[in-house]
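Chemist: Next input, structure requested:
(2 chains)
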Amino acid sequence: LAKTTQPISMDSYEGQEVNITCSHNNIATNDYITWYQQFPSQGPRFIIQGYKTKVTNEVASLFIPADRKSSTLSLPRVSLSDTAVYYCLVTPFQTGANNLFFGTGTRLTVIP
Amino acid sequence: DGGITQSPKYLFRKEGQNVTLSCEQNLNHDAMYWYRQDPGQGLRLIYYSQIVNDFQKGDIAEGYSVSREKKESFPLTVTSAQKNPTAFYLCASSVTGTGGETQYFGPGTRLLVL
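Modeler: Take a look at the predicted model:
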């Protein structure tokens, strides 16, 4: 089971770019990196997923270096509504094959 | 609308009582999961099922039971053996797309002990 390490909390002002880094030293060759967002009293929501280099969608960007031992979630121009907990997971290619590790995540607070 | 529904939103359990949390999905996903979340903590896996009529224990299965008689449904029973059941319970289902596994979560059920 590949575990991840990420900062417990971060603060940012509105309109700034936020980068959350995640360490996953034991990532396996077939594993992907997936990020989820969770608001209070709601289920986590998928944000982005990648295998290597850079992935971008309408919400965020994900940067993965060549050794894949870490990854960085980038949220451009955050707003108050981005205040949430962000989880970094190492996820297997095969559905339901493994126990996913949701750590405590990174609690992002966006300040007006 | 496709998605995962959980009911009820809030559930109260009396001492010694078994309670069942409902989880239904119409996403045609094969795999389904139950997680428990305590305040300020991450998610911990209780049970998961990769296919109908089959399920596996997660990290904290003691005091819980599940069934998977239909692809769409994965109910969780919190038995009287679970001594500290107060928590937020999340159900999820998953599909493998072009990349790795992606899980879709329901809105959750908050269980409180009277």
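Chemist: Is the residue lying closest to B:Arg68 once chain neighbours are set aside bridged to anything, and to what?
Modeler: For B:Arg68, ignoring the flanking residues on the chain, the nearest one in space by Cβ to Cβ, 6 or more residues apart in numbering or on different chains is B:Ser49 at 4.3 Å. Yep, even glycine has a C-beta here, placed from its N, CA and C like the rest. Beta-bridge partners for B:Ser49, by DSSP bridges, are B:Met32.
Chemist: B:Ser49: neighbour count?
Modeler: Using other Cβ atoms under 10 Å in any protein chain shown, B:Ser49 has 21 other residues around it.
Chemist: List the buried residues for the lowest-mean-pLDDT helix or strand in chain B?
Modeler: When the helices and strands of chain B are scored by mean pLDDT, DSSP states H and E, strand B:101-105 comes last with a mean of 86. Residues of strand B:101-105 classed as buried by neighbour count (16 or more other Cβ atoms under 10 Å in any protein chain shown): B:101-105.
Chemist: Relative to chain A, which of those residues is nearest.
Modeler: Using Cβ to the nearest Cβ, B:Phe105 is the member of these that lies nearest chain A, at 2.9 Å.
Chemist: tell me which residues form a beta bridge with that closest one?
Modeler: In beta-bridge terms (that is, DSSP bridges), B:Phe105 pairs with B:Ala92.
Chemist: in which helix or strand would I find the residue positioned nearest the centre of chain B?
Modeler: By Cα atoms, centre = their mean, chain B has its centre lying nearest to B:Trp34, at 2.8 Å. Per DSSP states H and E: B:Trp34 is located in strand B:31-37.
Chemist: on that earlier part again, give me the pLDDT for the residue nearest to the centre of chain B.
Modeler: On the pLDDT scale, B:Trp34 is placed at 95.
Chemist: Also A:Leu1?
Modeler: Confidence score, pLDDT, at A:Leu1: 60.
Chemist: Show me where chain A has its strands.
Modeler: Ranges of strands within chain A are A:9-13, A:18-23, A:32-38, A:45-50, A:53-56, A:61-64, A:70-75, A:84-91, A:106-111, based on DSSP state E.
Chemist: can you tell which of those strands is closest to chain B?
Modeler: Comparing these under Cβ to the nearest Cβ, the one sitting nearest is strand A:32-38, at 2.9 Å.
Chemist: same for that closest one, what does it pack against?
Modeler: strand A:45-50, strand A:61-64, strand A:84-91, strand B:101-105 (3 or more Cβ pairs under 8 Å, 6 or more residues apart in numbering or on different chains; DSSP states H and E).
Chemist: Following element in sequence after the least confident helix or strand of chain B, please.
Modeler: Scanning onward from strand B:101-105 (DSSP H and E), the first element met is strand B:109-113.
Chemist: Sheet-wise, list the partners of that next one with their directions.
Modeler: strand B:10-13 (parallel), strand B:87-96 (antiparallel).
Chemist: Cheers, nothing more for now.
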